[in-house]
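>>> What follows is a predicted structure for the sequence shown.
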Amino acid sequence: MSNRLLGVGLVGGGGGAFIVNAHGKAILMDGTRRIKCGALHQDPKLAIQFAEAWPYYIRGYPDYTTMIAEEAKLPLGDRMDIVVIVTPNFAHFDPAMTALEAGFPVFCEKPLCMSTVEAEELVLKVRELKIPFGVAHTYIGHWTSRLARYIVRSGLLGDVRWVDSSYIQGWLASKIEDVGQQQASWRVDPKQAGISGCGGDIATHALMELRYITGLEVARVSAHLEKFVPGRQLDDHFTAYCDLNNGGKAQVRASQVCIGFKNDLGITIAGTKGTLCWRQEESEKLTIMLPGQPDRVYWRGAVSPGDGFLPADMPQGLLVESTLPSGHPEGLHDAFARLYRGFEANVRRWHMGSATIDDGSLYATVDDGWMGLAFIESCVESSERDGAWVSMPKAL
């Protein structure tokens with residue numbers, strides 16, 4: 001098991017689904033994983049056609065229930081080892097639960113599903129089976145996100161006072177869903193996306209970045225979800241003011257109507273001893289600001305333990321896990337691959353009967369997925385009550 005290629009089975013990914021391209025490249029990047037099969041569309045005929053048109057041979061199935069049942073009959077080494085779900089939100093829960101019950105680890109696009117009720121069922125099933133489950137919060141896979149996590153959690157910035165985590169886009173500034181834009185159409189449809197559009201789609205990324213780096217949780221929210229484009233069913237602009245569980249404050253912001261903005265995910269963390277800034281569109285760079293000193297800009301691969309700022313006992317694994325020398329920019333595919341790398345390691349341990357380490361340091365877990373939905377539901381409730389403060393539910 002330790003050396004053989006791991007097989008991946010896709011649920012979704014046909015018919016112009018853009019996110020499958022990033023998943024596909026990340027799956028192949030290390031040469032230790034490969035897509036073996038797929039149920040690529042909800043229409044059985046199209047599912048088979050898309051599989052036949054795949055760039056290399058994969059087993060095509062008419063639907064995910066057939067794929068999971070048939071793959072479970074095959075011997076290890078021939079069957080899929082992991083189910084990857086890349087469908088719209090409404091089609092996450094059932095394939096995930098079906099895969100888990102058949103004994104397959106799952107890596108699922110975010111948000112985890114449509115509600116905390118569904119999410120709780122998945123959390124409890126994962127705990128019962130002790131099986132790996134990952135959620136595709138891509139941006140915590142950036143090397144600099146991991147460096148930021150170490151810096152903040154080591155106390156080098158002191159106690160966290162304020163966090164501003166945001167994700168700003170402009171692609172939904174007009175009603176492009178009315179002209180058949182596929183990626184827009186399902187994201188603004190409550191039946192397919194859930195109770196929040198912009199919030200569920202990208203504010204969950206901003207929340208995950210906050211939680212991943214700081215280790216803090218949101219205790220209360222006062223939120224406003226707005227629809228700037230007339231006639232749109234779900235929010236396209238999202239603002240949440242937050243109390244953190246350490247007494248600090250935060251703002252989680254997202255917008256899809258800011259013309260000219262592309263994928264501007266960014267976070268500022270202000271502590272009692274210094275401030276950290278990071279932006280996804282300049283993902284190689286991390287800026288630290290300390291009192292009475294020039295700003296320090298750190299680049300991926302160009303920092304070393306004992307360099308005068310980072311302590312000599314900093315974990316080596318954090319620094320050597322980068323796959324490219326400094327100055328050769330990584331990107332989205334590398335961040336995705338870093339998530340898959342950690343998930344693969346846990347799947348291999350699980351296959352060998354060892355305890356997995358789904359502690360949230362390598363990829364977002366099913367518990368993180370539940371927390372994202374709990375945040376969205378709390379923010380929707382707050383917004384419906386004109387920004388009233390709403391307490392977040394405790395983690396399961």
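Structure received.
>>> Show the low-confidence segments of the stretch 201-350 of the chain, by residue range.
302-322 (pLDDT under 70).
>>> Spell out the residue ranges of the helices in it.
204-214, 316-320, 332-351 (DSSP state H, counting those that start in this stretch).
>>> next one: the stretch 51-200 of the chain
64-73, 93-101, 116-129, 143-153, 182-187, 190-193, 198.
>>> and M392, which of the helices of the stretch 201-350 of the chain is closest to it?
helix 204-214 (10.7 Å; CB to CB). For the C-beta atoms, the positions are set from N, CA and C on the backbone; glycine is no exception.
>>> Against which helices or strands is the closest one packed?
With contacts taken as 3 or more CB pairs under 8 Å, 6 or more residues apart in numbering; DSSP states H and E, helix 204-214 sits against helix 143-153, strand 160-168, strand 218-226, strand 249-255, strand 264-271, helix 366-384.
>>> if we can go back for a sec, need the winner for burial among the helices of the stretch 201-350 of the chain.
helix 204-214 (a mean of 25; mean count of other CB atoms under 10 Å).
>>> What lies in contact with it?
By CB atoms under 8 Å, 6 or more residues apart in numbering, the list of residues contacting helix 204-214 from outside reads 110-111, 137-140, 145, 148-149, 152-153, 160, 163, 165-167, 216-218, 244, 250, 252-254, 265, 267, 269, 276, 360, 364, 368, 371-372, 375-376.
>>> report the angle between the axes of it and strand 160-168?
150 degrees (axes from the mean of the first three to the mean of the last three CA atoms, to 10 degrees).
>>> relative orientation of helix 204-214 and helix 366-384 in degrees?
120 degrees.
>>> So what's the gap between helix 204-214 and the chain middle?
10 Å (CA atoms, centre = their mean, to the nearest Å).
>>> if we can go back for a sec, and M29, which of the helices and strands packed on helix 204-214 is closest to it?
Closest to M29 of the helices and strands packed on helix 204-214 is helix 143-153 (CB to CB; 14.2 Å).
>>> how about the CA coordinates for the closest one, as PDB?
Included here for helix 143-153 are C-alpha records, laid out as PDB according to Å, rounded to 0.1, in the frame of the first residue of the first chain:
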ATOM      1  CA  TRP A 143       2.800  27.600   1.800                       C
ATOM      2  CA  THR A 144       2.500  31.100   3.100                       C
ATOM      3  CA  SER A 145      -0.800  30.300   4.800                       C
ATOM      4  CA  ARG A 146       1.000  27.600   6.700                       C
ATOM      5  CA  LEU A 147       3.900  30.000   7.600                       C
ATOM      6  CA  ALA A 148       1.300  32.600   8.800                       C
ATOM      7  CA  ARG A 149      -0.300  29.900  10.900                       C
ATOM      8  CA  TYR A 150       3.000  29.100  12.600                       C
ATOM      9  CA  ILE A 151       3.900  32.800  13.200                       C
ATOM     10  CA  VAL A 152       0.500  33.700  14.700                       C
ATOM     11  CA  ARG A 153       0.100  30.500  16.800                       C
END
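>>> Output the helices of the stretch 201-350 of the chain in a markdown table; the columns should cover distance to P132.
Converted to a markdown table, the helices of the stretch 201-350 of the chain look like this (distance: least, CB to CB, whole Å):
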| stretch | distance to P132 |
| --- | --- |
| helix 204-214 | 18 |
| helix 316-320 | 19 |
| helix 332-351 | 4 |
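>>> check contacts around Y340.
Per CB under 8 Å, 6+ apart, neighbours of Y340: A26, I27, M29, D30, R33, F107.
>>> rewinding a little: comparing the helices of the stretch 51-200 of the chain, which comes out most buried?
Greatest average neighbour count among those goes to helix 198 (a mean of 29), per mean count of other CB under 10 Å.
>>> want to try JSON lines for the helices of the stretch 51-200 of the chain, with distance to F50 and mean pLDDT as columns?
Output for those, formatted as JSON lines (distance: least, CB to CB, whole Å; pLDDT from 0 to 100):
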{"stretch": "helix 64-73", "distance to F50": "13", "mean pLDDT": "98"}
{"stretch": "helix 93-101", "distance to F50": "16", "mean pLDDT": "98"}
{"stretch": "helix 116-129", "distance to F50": "27", "mean pLDDT": "97"}
{"stretch": "helix 143-153", "distance to F50": "33", "mean pLDDT": "92"}
{"stretch": "helix 182-187", "distance to F50": "14", "mean pLDDT": "90"}
{"stretch": "helix 190-193", "distance to F50": "19", "mean pLDDT": "96"}
{"stretch": "helix 198", "distance to F50": "29", "mean pLDDT": "98"}
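>>> Show me the shaky parts of the stretch 1-150 of the chain.
For the stretch 1-150 of the chain, the stretches flagged by pLDDT under 70 are 1-2.
>>> let's see 80
Scanning the stretch 1-150 of the chain for pLDDT under 80 picks out the ranges 1-2, 15-17.
>>> where along it do the strands fall?
6-11, 33-39, 59-60, 82-85, 106-108, 133-135 (DSSP state E, counting those that start in this stretch).
>>> picking that back up, redo the helices of the stretch 51-200 of the chain as a markdown table? Include distance to G327.
Converted to a markdown table, these look like this (distance: least, CB to CB, whole Å):
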| stretch | distance to G327 |
| --- | --- |
| helix 64-73 | 42 |
| helix 93-101 | 40 |
| helix 116-129 | 40 |
| helix 143-153 | 13 |
| helix 182-187 | 33 |
| helix 190-193 | 40 |
| helix 198 | 35 |
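>>> of all those helices, which lies closest to L396?
With CB to CB as the criterion, L396 lies closest to helix 116-129 of the helices of the stretch 51-200 of the chain, at 5.4 Å.
>>> helices and strands around the closest one, which ones?
helix 93-101, helix 366-384.
>>> now the angle from that helix to helix 93-101?
Interaxial angle of helix 116-129 relative to helix 93-101 (the same axes, to 10 degrees): 10 degrees.
>>> Contacts for helix 116-129 next, please.
Against helix 116-129 from outside (CB under 8 Å, 6+ apart): 93, 96-97, 100-101, 103, 112-113, 133, 366-367, 369-370, 373-374, 377, 393, 396.
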